[in-house]
Structure formats: structure tokens, C-alpha cells
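S.K.: Pasting the sequence and the predicted model now:
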6 protein chains.
Amino acid sequence: MFSVTIRDHLMIAHSLSGEVFGPAQRLHGATYVVDATFRREQLDADGIVVDIGRASAELHAVLADFNYRNLDEEEAFAGRNSTTEVLAQVLADRLAERVQAGALGAVARGVSTIAVLLHESHVAWAGYERPL
Amino acid sequence: MFSVTIRDHLMIAHSLSGEVFGPAQRLHGATYVVDATFRREQLDADGIVVDIGRASAELHAVLADFNYRNLDEEEAFAGRNSTTEVLAQVLADRLAERVQAGALGAVARGVSTIAVLLHESHVAWAGYERPL
Amino acid sequence: MFSVTIRDHLMIAHSLSGEVFGPAQRLHGATYVVDATFRREQLDADGIVVDIGRASAELHAVLADFNYRNLDEEEAFAGRNSTTEVLAQVLADRLAERVQAGALGAVARGVSTIAVLLHESHVAWAGYERPL
Amino acid sequence: MFSVTIRDHLMIAHSLSGEVFGPAQRLHGATYVVDATFRREQLDADGIVVDIGRASAELHAVLADFNYRNLDEEEAFAGRNSTTEVLAQVLADRLAERVQAGALGAVARGVSTIAVLLHESHVAWAGYERPL
Amino acid sequence: MFSVTIRDHLMIAHSLSGEVFGPAQRLHGATYVVDATFRREQLDADGIVVDIGRASAELHAVLADFNYRNLDEEEAFAGRNSTTEVLAQVLADRLAERVQAGALGAVARGVSTIAVLLHESHVAWAGYERPL
Amino acid sequence: MFSVTIRDHLMIAHSLSGEVFGPAQRLHGATYVVDATFRREQLDADGIVVDIGRASAELHAVLADFNYRNLDEEEAFAGRNSTTEVLAQVLADRLAERVQAGALGAVARGVSTIAVLLHESHVAWAGYERPL
């Protein structure tokens, strides 16, 4: 199995509902360092998993919808918490939609899974992995 | 599949028996930077894998039993080497016991695997992953 | 010259005023990974720069005043931007006050400079260094 | 499942054929920070996955065949691109051959998979994992 | 003293002349992870050292002149080795020229020093610092 | 000012005397990731600060005297604590002696300072810098 990972980042504000979140129930924020991983069994004719330039551009576009925003006001999280786990799922799903829509070109047809890992500090990170 | 990882560390002395260990047969020591990962298929009602605060406290408690100690004198390693691999297994098993005993609350019932990764230097790390 | 550095982190929301900040004028947030460095010419009788346990506790206390908060509502930043640079200065000044007030004990009398470095992402960080 | 990972590095020149590579079609180069991971279900009698000293020496030997070289002139990449993905596969296959030939000793008979991850910068990495 | 650092990277081929370089006399290459640091005594009216967006764009432009190239063919290194140290100096000098030419705006007039640190692997880095 | 830094590591056991050390008074251990930095105003004729190969070999030799040992039994620390700060000084002094004795060759005559930084975990490090 082959994999390619690209890194970008995202800076947002949000608050979390539920006693379990303690002080994180207050409006605060986070930098998420975002690792997006694409996996596939066989490489394409150029010897790559995906075009890393296009993949980076698509990841950046997916992040741009949330970057420098308050997630409490974003429709994507209406009725639920924008926890690191949920955000990872939203980002992975949006990346998957773009791949399926052909944004990475024919090469990406062989991608079997997409994973998004969000580093919220030097001591905590969370992720979501899904088939394509 | 969702995951959450938390990081802590541990500083111990030990020696290793067997020619394969070369100079590490002498009494020496290590800092282990410890990454504990919890995985599950579905998030709980709060949108999380585990309560990261409680998980961090439990990990810290598990490490406290060995922190600043000579593992050669610890019962957990009687009759066997406290290699990085074995230590990872002991820590993962203890974390699993705590989760199963309810230390992380009802939320943790959905956790399917626990993994412990021990970084012993900038050029070597070892881990153990097990189902819950 | 000797130095000791300890690392902690801080998660906040804020907005920045001024065209130079572009999209960061909107309410957003950041995780700051915080490195606090203490320097001195000579070690104390125990062979240390500062008591790392007490220094970590004081740093954590200084961060707690801002952690999980919206800096736009904090008096410390009234009338000015809570940029990474300004935040580094505020944190370094508060640490310096605590050292001067004896919070780190007699050992800290020999500390000559305090520096705070704030990592806001994997590609940007800012800091402030001052004499004690 | 247990794992052990060791890190080394490799500095090479190469060019890549195909429009998808844009400016990387020109002769350029890369440092690859190389993580080689060995996994197995059960530890050996010494409590290890592999002898980390011998594994490091074998990885270093495998890298030495390409280190400080122009991959465009290397037979291993004749007729194909030396992309990060392809290079990871070549390195993993060579490591696997050495393990199977007994270079890591009897202990390595239990290794079930080998993975090679190549970090080409702070924002991109690629890997290949295979059974042994 | 305040500082701001931004990170980018550069992938080049080159060879080095002189017995001291051993196998690095052959044509090979490197990824340089580039940290550019700007220092100044006082912040500007916005509370910043430099406009991080413009500074990142200027650093990227400076790197673009060398990215994906063979430094052996670049005029900047004619008659001398493109060692990591020399490259750091060339990059710092070019950044300084741009700051002096007003590329970062009036805000940058207060910058007192520029430093460039080039990470060539996980175990080696080199840098150059100069007044502005 | 130019600088070159090389990284290696050291695994030791030790105990520390004095109430300030709390649980670290017990026999424990540490991995120290060691960064040795050489600084000088002008590069030599080859365009380097020091021969990185020889510098790495000398650093490794300096570390070998303590690696996989119990520092409580080492003469270098008789009558004093082997704190991270003291260890950094001992290592920097030994490196300096080797440079002055010509171990790095004529090129090293221009080195003006040597610094040793010891990372004892992901959240703490200490260092010592001295003129040559």
C-alpha cells in the first residue's frame, strides 16, 4: 500500500457544548495543523499516488472555507459540536467529494482511502479515516 | 474510523539482559515520549472519541507508577526485559484495564483499540496496539 | 551562559484590527505552543538554572489567565492588538514579575533574561526576550 | 501488534518526467528523512521486534547505495520516475530482501510487514508498506 | 527584543568541491527547510514585527529563484561552493535587499537583524544572521 | 555570524541530590537529544563553519564516554549533580577541548563559540554556550 501526506493549517474560533468540555465551553480557538493522507494499492503511470500540487491546492481550498472563522457560526456544524474529531470528518468528507468530482484528475481514481489528522497542540491530535 | 492521541512522557532507568543489547546491558536510562491513541468507529453524543481531560489524567496515572524509577526493580518486568516494546505493551494493557473499569466514563465504551507509541530518541520508537 | 526551556500551550480566540491582518481581522483563534526560556551566567548550588517543577507551575498559572478565552475581552489587550508578538511580551512580563516576587525561590535570583516563544503553526512563530 | 521504527536520511539529485511534475521536471534534489518500520504479532525471546542495532546498520547500507547520488543515473529507476513513492517501494523491497536473507538474524523471522516512510519536506511525505 | 520567524522550503541539486566533502563531491541534492527570522527592538503601530503575509511572499519569491534547480549552474555560486552556510548567507542577503527596497512596507524599517536557518536533515542545520 | 548544528543522542541513568528534585532524587534515567552548535564570523576557504563529518564523529566520541552509563558513578560528576545544565557544560567543554586540540583540523580555528542543547523530553530542554 502506498501513501502520500500533505500538511497545511487552519486557525479558527469556536466553543463546545457539554460539561465534559470544562473551560473549553467558553469561546476560545485553535490552530489545527492538518495532515491529509491519500492511500492506494497501485501507483499511476507517472509513479505517484496523487498530483501533490493539485492535492495541496484542493486541501487549501477545503480549509479556506473555515480558516479565520468562528465555527459556532458555520452551517457545517449546526446542531453539533465542532470537536477536533468532527472537524476531521468534515474535512475528509469534503476532500473525498473533490476527489470523486475529479478535482485531482484521473490519477486519483485509484485512491482507496483518505485520512485527515488534526494536531491541536504539541500534546493532542485527532483524526478520521474513510474509504473513497 | 476516528482516533484521538495524547502525549506525555516518562523518565526511567533500566538494564537489558542478552548479548543482542550490547552496551545497553549496562544500567542506563531513557526518556520515553508516550503517545496513547484511542480509536473507535462512531463518536459519542458529544462528538468525541474520549474525554481528552480524563484520558490525559489516566495516562498520567499509569505512567506515574514507573516514572523516575529503575525498571529493574519493578515487579511488572520480573523475569523479562523492560524493552521499549514490552513497556509499550504494559502501558497499553494498563490503560485498557482502566478504560474497561470505567475510568473514562460511559463515553469510552465505544473505544475499539488502544495503541501506545514510545519515542526513545529522535531516531527510534516502538509501539504496541491492541483491541479493547 | 546556561539556559532552561519549558514548553506548555494556550488556546484562545481573538480578532486583529488593521488592514495588514487581512482575513485575521475576523474573529478566529489559535493554539500557541509556548516555550519559556530562563538564562543565567552561573548555576545555583543544586546545579540548576531554575527549579523546573516550580517554573512549569508558574508558567501554567500565567497561561491559565488567558487559556480558553477570547482575548478581545481581556483587559491586558485593551486598546491594542493581541498579536503573537504582543502576547509573547505580556507572558514574558508576567513570568518576570513572578520570578521577581520570589515565586521560583531564591534560586531564580540569578536569572538574567526571560524569553517567550509562541509557535502559532508549523510555519510561523514569534517571541520576546527581556532582561530580568 | 508490535512495531519498531528507526530513522535515517538520504540526500539525492533527480529529475521527474511528465507534465504533472511541473518545475520538478528540472534536475533538482531532495533530502529524504527515512522512517523504516518493522511490525510483528509476537516479540522474540529477548522481548524485541528486531535488533535495533542491526536493523539500523542494514537500513544505512540500503541507503548507502543511493546516498549522494543522481537517481537519474541509477539502474533501479531505469525507465521509470524516482518519485518519493517509487523510492519508498525500492527501499522497502531491499530491506525485505535483507531480512529474508537473514541479515537481521533469526529474530527477524517473525516480522510480518515492513513500511518505509520518506519525509521530503516539513509539509509532504510518502510511504510504502508491504508484507514480508 | 521581538522576533518573528516564518518557514518555507527549497529542493535543489548541487555538488561540492573539496576533499573535505567526501561523497558530497558527487552531484546530489537536498531539501532545505528554511526558517527566516526578523528581529527588532520595538513593534510597529499594529503590534507586529513585520507583516507575516508579505514576509512569507517575499521569502517564497527569494526561494523561487533557486527552487527545483541545480545550484552548480547558478551564477550566485559561481566560483564558490553552495554549502548550506553559503546558501543561508545568499538567502539572508536577498531578503535584506528586499526589506531595504521597501518590499515589506514601512513597518519593516525597524527590523534590526535577519537570520536564515537551513535544516538539511533531521540531524544537521546551518544558518547565517546579519544586521539590516 | 554563521552557525552549524549537528544532532546526536545519549541514554543515561542517574539520580539527583537535593529536595528541589522531588521524585528525580530516585535512580531514574533520560534520553538526551544533543544539539551541538558551532559559530564563527567568517567561513573557511571551502565555505563551511566546520567539517560536519568530523564534527559529528567528535560529538559521537564525546557522548560515547557517557552513553549507556550511570552518571552517579562517573568521575566527571563526582561531588555534584549531573543535572541537564551541568551535563551540557561538561559536553561543551569536552567538545571545545577537542576543537582546540585540532580534532576538527585547521578549519575549526575560526570557531568562536560552542553551544550544547540537551532535550530531555518534548517539554523541557537545557543548554550551555561558551566562547572557544
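M.R.: Nice, thanks for sending it over.
S.K.: In space, what's closest to the residue sitting nearest the centre point of chain A - neighbours in sequence excluded?
M.R.: With distances taken as CA atoms, centre = their mean, A:Leu91 lies nearest the centre of chain A, 3.4 Å away. Setting aside the residues directly before and after it, A:Leu91 is nearest to A:Val116 in space (CB to CB, 6 or more residues apart in numbering or on different chains), at 4.7 Å. For every residue, glycine as well, the C-beta is placed using N, CA and C.
S.K.: Pull the contacting residues for that neighbour.
M.R.: Neighbour list for A:Val116: A:Val34, A:Asp35, A:Ala36, A:Thr37, A:Ala88, A:Gln89, A:Leu91, A:Ala92, A:Leu95, A:Gly127, A:Tyr128, A:Glu129 [criterion: CB atoms under 8 Å, 6 or more residues apart in numbering or on different chains].
S.K.: Nearest spatial neighbour of the last one, chain-adjacent residues omitted?
M.R.: Here the nearest residue to A:Glu129 in space, its sequence neighbours aside, is A:Ala115; by CB to CB, 6+ apart that works out to 3.8 Å.
S.K.: on that earlier part again, bridged to the residue nearest to A:Leu91, which residues?
M.R.: For A:Val116, the beta-bridge partners under DSSP bridges are A:Ala36, A:Tyr128.
S.K.: Please report how far it lies from A:Asn70.
M.R.: A:Val116 sits 21 Å away from A:Asn70, going by CB to CB, to the nearest Å.
S.K.: repeat for A:Gln89
M.R.: 19 Å.
S.K.: For chain A, which residues are neighbours of chain F?
M.R.: Neighbours of chain F within chain A, by CB under 8 Å from any CB of the partner chain: A:His122, A:Val123.
S.K.: Near chain C, which residues of chain A? Just list them.
M.R.: Close to chain C, as judged by CB under 8 Å from any CB, chain A has residues A:7, A:9, A:11-14, A:23-24, A:26-33, A:67-70, A:120-123.
S.K.: which ones among these are found in strands?
M.R.: A:7, A:9, A:11-14, A:28-33, A:69-70, A:120-121 (DSSP state E).
S.K.: ok, A:His60 to chain F distance?
M.R.: The gap separating A:His60 from chain F is 28 Å, by CB to the nearest CB, to the nearest Å.
S.K.: Which element, helix or strand, includes that residue?
M.R.: Assessed by DSSP states H and E, A:His60 sits inside helix A:52-64.
S.K.: Report the contact partners of the residue nearest to A:Gly29 when sequence neighbours are not counted.
M.R.: Leaving aside its chain neighbours, A:Gly29 sits nearest to C:Gly29 (1.0 Å; criterion: CB to CB, 6+ apart). C:Gly29 is in contact with A:Met11, A:Ile12, A:Ala13, A:His14, A:His28, A:Gly29, A:Ala30, A:Thr31, C:Met11, C:Ile12, C:Ala13, C:His14, counting by CB under 8 Å, 6+ apart.
S.K.: what does A:Ile52 give?
M.R.: Residues near A:Ile52 by CB under 8 Å, 6+ apart: A:Val4, A:Ile6, D:Ala124.
S.K.: which one of those sits closest to chain F?
M.R.: The nearest member of the contacts of A:Ile52 to chain F, counting by CB to the nearest CB, is D:Ala124 at 21.7 Å.
S.K.: The closest one: neighbour count?
M.R.: 18 (other CB atoms under 10 Å in any protein chain shown).
S.K.: coming back round to it: next, format the contacts of C:Gly29 as JSON lines and append pLDDT and distance to A:Ala103.
M.R.: JSON lines is the format used below for those (pLDDT from 0 to 100; distance: CB to CB, whole Å):
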{"residue": "A:Met11", "pLDDT": "98", "distance to A:Ala103": "24"}
{"residue": "A:Ile12", "pLDDT": "98", "distance to A:Ala103": "23"}
{"residue": "A:Ala13", "pLDDT": "98", "distance to A:Ala103": "28"}
{"residue": "A:His14", "pLDDT": "98", "distance to A:Ala103": "27"}
{"residue": "A:His28", "pLDDT": "98", "distance to A:Ala103": "33"}
{"residue": "A:Gly29", "pLDDT": "98", "distance to A:Ala103": "29"}
{"residue": "A:Ala30", "pLDDT": "98", "distance to A:Ala103": "27"}
{"residue": "A:Thr31", "pLDDT": "98", "distance to A:Ala103": "26"}
{"residue": "C:Met11", "pLDDT": "98", "distance to A:Ala103": "32"}
{"residue": "C:Ile12", "pLDDT": "98", "distance to A:Ala103": "34"}
{"residue": "C:Ala13", "pLDDT": "98", "distance to A:Ala103": "32"}
{"residue": "C:His14", "pLDDT": "98", "distance to A:Ala103": "33"}
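S.K.: what residue of chain A is the furthest out?
M.R.: A:Ala45 (27.0 Å).
S.K.: Helix or strand for that residue, just tell me which one.
M.R.: Counting by DSSP H and E, no helix or strand carries A:Ala45.
S.K.: Distance check, it against chain C.
M.R.: Applying CB to the nearest CB to A:Ala45 and chain C gives a distance of 33 Å.
S.K.: quick check, distance from the lengthiest helix in chain A to the centre of its chain.
M.R.: Looking across chain A with DSSP state H, the single longest helix is helix A:84-100. Mean-position distance between helix A:84-100 and its chain equals 5 Å (CA atoms, centre = their mean, to the nearest Å).
S.K.: separation between A:Gly15 and chain F?
M.R.: You called it Gly, but residue A:15 is Ser. In this view, A:Ser15 and chain F are 27 Å apart by CB to the nearest CB.
S.K.: With A:Glu120 instead?
M.R.: 15 Å.
S.K.: A:Ala24 too?
M.R.: 21 Å.
S.K.: Tell me if I'm right that that residue and A:Ser15 touch.
M.R.: Yes - counting by CB atoms under 8 Å, A:Ala24 touches A:Ser15, with 7.5 Å between them.
S.K.: now the contacts of C:Gly29: which count as buried?
M.R.: Among those, those classed as buried by neighbour count (16 or more other CB atoms under 10 Å in any protein chain shown) are A:Met11, A:Ile12, A:Ala13, A:His14, A:His28, A:Gly29, A:Ala30, A:Thr31, C:Met11, C:Ile12, C:Ala13, C:His14.
S.K.: Please give me every residue in contact with A:Gln89.
M.R.: Contacts of A:Gln89 (CB under 8 Å, 6+ apart): A:Val116, A:Tyr128, A:Arg130, B:Phe2.
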